[in-house]
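A.B. asks: when you get a sec, could you give me coordinates for this:
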Amino acid sequence: MKTITSLILLAILFGSCQNEDIVPTQEGTTAVVNAEDSKVTNSTAKTVSGNVPSHDPSTIVKSGVNYYVFTTGDNIPVTYSTNLTSWACGTSVFSSTPSWITGYVPGFVKTFWAPDVAWFNNRWNMYYSCSTFGSATSAIGLVTTPAISQSAGTTWTDRGVVVSSSSASDVNAIDPSILVDGSNVYMAYGSWHAGIGVIQINPSTGKTTGSKTIVAGGNSASWEAPCLIKEGSYYYLFVNRGTCCNGVNSTYYIVVGRSTSPFGPFVDKNGVSLKSGGGTTVLASQGNYIGPGHLSRITGTQKGAVHYYDGADSGNPKLEIVYFTWSSGWPTLSY
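C.D. replies: Numbering: from 1, shown residues only. Alright, predicted model coming up:
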């Protein structure tokens, strides 16, 4: 659950991307994976190096020649790259806070959380989180654009609220993850409180249709930052356990379950439901890669992204590319 500690940490970090270019240089190597427990056990290099501030990275998307990733921070920061290795700061999504937000989240300021972005209905659809630390009073909003272009600038149209929450008995309306599955679109979301929910999205409006289904967590347990993907005939739900936002003391790790339906039930490799404490660990702390979290997959690839807290840099959160590998219908993750 987000805390005041994270407010201080993020305020320091995410102002930096507005004023400097980031030019990391080093390609990475593949980590060694222990197939028995699905935990990454060793890593010799990163796929992204240098000062790349990032927390809660969105799905990385490609528009024109550039890849783009959007993150938690003031006005939704963006970085872009032509090769997934060397990244530079771009222009933030918002120049001012949409007026509807304070009606759902009193006291909200310009620090948006955990955006995600997907292409459907001939436009880019970005879902973003509005909340205050430690609160279940939250909302997920939507902005859209026909094209993302750093050189020409991008005009985002705000579409208002998608889901909201006002009680710890509800799914906390933050941390959206969008899955486009043919003509269907789904959103997983949630953080602690009532657990992780999945709801269908109307592709024409980008808003919800039907009711949500709780698929993981509950009882205020440490479940947040879901990532819903499809591989073959299964839907996979990756979720963070532990706590974020405490630098080198962060305890985030990523677990997974699978289902034949986007609405679950999701079970781990041992058949235990994610609603009953199940979840097969696929990425955990190792060396200076502390508290990896907020997984996404680049559409059409076996690459994705996480943030981690860099033990070699005072626990500052950084972007990292990860690789999905599959065996007997189950994934592992490596840097």
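A.B. asks: ranges for the strands of the stretch 1-150 of the chain?
C.D. replies: 32-34, 39-42, 61-63, 66-70, 73-74, 78-81, 88-89, 111-120, 123-130, 138-145 (DSSP state E, counting those that start in this stretch).
A.B. asks: kindly report the same for the stretch 151-300 of the chain.
C.D. replies: Shown for the stretch 151-300 of the chain, the strands assigned by DSSP E, counting those that start in this stretch span residues 157-165, 177-181, 184-189, 196-201, 208-216, 224-231, 234-241, 253-259, 280-283, 289-297.
A.B. asks: dump the ones you listed to JSON lines, plus distance to residue 101 and mean neighbour count.
C.D. replies: Every C-beta, even on glycine, is put in place using the N, C-alpha and C of the backbone. JSON lines is the format used below for the strands of the stretch 151-300 of the chain (distance: least, C-beta to C-beta, whole Å; neighbours: other C-beta atoms under 10 Å):
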{"stretch": "strand 157-165", "distance to residue 101": "8", "mean neighbour count": "19"}
{"stretch": "strand 177-181", "distance to residue 101": "20", "mean neighbour count": "21"}
{"stretch": "strand 184-189", "distance to residue 101": "16", "mean neighbour count": "23"}
{"stretch": "strand 196-201", "distance to residue 101": "20", "mean neighbour count": "24"}
{"stretch": "strand 208-216", "distance to residue 101": "18", "mean neighbour count": "18"}
{"stretch": "strand 224-231", "distance to residue 101": "20", "mean neighbour count": "24"}
{"stretch": "strand 234-241", "distance to residue 101": "25", "mean neighbour count": "24"}
{"stretch": "strand 253-259", "distance to residue 101": "29", "mean neighbour count": "23"}
{"stretch": "strand 280-283", "distance to residue 101": "33", "mean neighbour count": "23"}
{"stretch": "strand 289-297", "distance to residue 101": "22", "mean neighbour count": "26"}
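A.B. asks: that older thread, can you tell me which of the strands of the stretch 1-150 of the chain is nearest to residue 327?
C.D. replies: Minimum separation from residue 327 across the strands of the stretch 1-150 of the chain (C-beta to C-beta) falls at strand 32-34, 9.5 Å.
A.B. asks: how about the strands of the stretch 1-150 of the chain in CSV, adding distance to residue 334?
C.D. replies: Formatted as CSV, these follow (distance: least, C-beta to C-beta, whole Å):
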stretch, distance to residue 334
strand 32-34, 5
strand 39-42, 6
strand 61-63, 22
strand 66-70, 19
strand 73-74, 27
strand 78-81, 20
strand 88-89, 26
strand 111-120, 23
strand 123-130, 28
strand 138-145, 31
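A.B. asks: make CSV from those and add mean pLDDT to it.
C.D. replies: Shown next, in CSV, are the strands of the stretch 1-150 of the chain (pLDDT from 0 to 100):
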stretch, mean pLDDT
strand 32-34, 30
strand 39-42, 33
strand 61-63, 95
strand 66-70, 96
strand 73-74, 96
strand 78-81, 93
strand 88-89, 90
strand 111-120, 98
strand 123-130, 98
strand 138-145, 98
